[in-house]
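A.B. asks: the following comprises the amino acid sequence and a computationally predicted model.
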Amino acid sequence: MMELITERRSEYMAASSLYLDGEEAPPYPARAPPPQPPLVSKFHIYTDPAEFADVDKIAISVAQEDQKTFTDLVRQLVGRCASDVEKARTIFRWITVKNLNNIHFD
């Protein structure tokens, strides 16, 4: 499976001209890394859920609209997020607000 992912990623990167300065991207790992405990606890990442008030508002407003494509949805959700934690929170919040039974993409 990892070989297929690597092959498809290389094809996509080459077709989309996403290589920088003619150099190839770093190789994709042949195997998934083994599971391990996190290096930091949740408390070290954030201390108060109120820190996510702004990204929660983004997720709620995006959930009230219909997007034409999945790409549009992702861009609207995470385009203004500053960290991976904010991206994860925004996607999580969108899922909890949106009625996923009525969603259709072109």
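C.D. replies: The structure has been received and is ready for your questions.
A.B. asks: residues in contact with the residue nearest the centre of the chain?
C.D. replies: When C-alpha atoms, centre = their mean is applied to the chain, the residue found nearest the centroid is residue 87 (6.2 Å). Neighbouring residues of residue 87 by C-beta atoms under 8 Å, 6 or more residues apart in numbering: 77, 78, 81. Where you see a C-beta, it was placed from the backbone N, CA and C, and this is true even at glycine.
A.B. asks: narrow these to those in helices?
C.D. replies: Secondary structure from DSSP state H places 77, 78 of these in helices.
A.B. asks: from the contacts of residue 87, which is closest to residue 1?
C.D. replies: Checking the contacts of residue 87 against residue 1 by C-beta to C-beta gives residue 78 as the nearest, at 25.9 Å.
A.B. asks: that closest one reaches residue 89, doesn't it?
C.D. replies: No - with contacts counted by C-beta atoms under 8 Å, residue 78 stays clear of residue 89, the gap being 10.0 Å.
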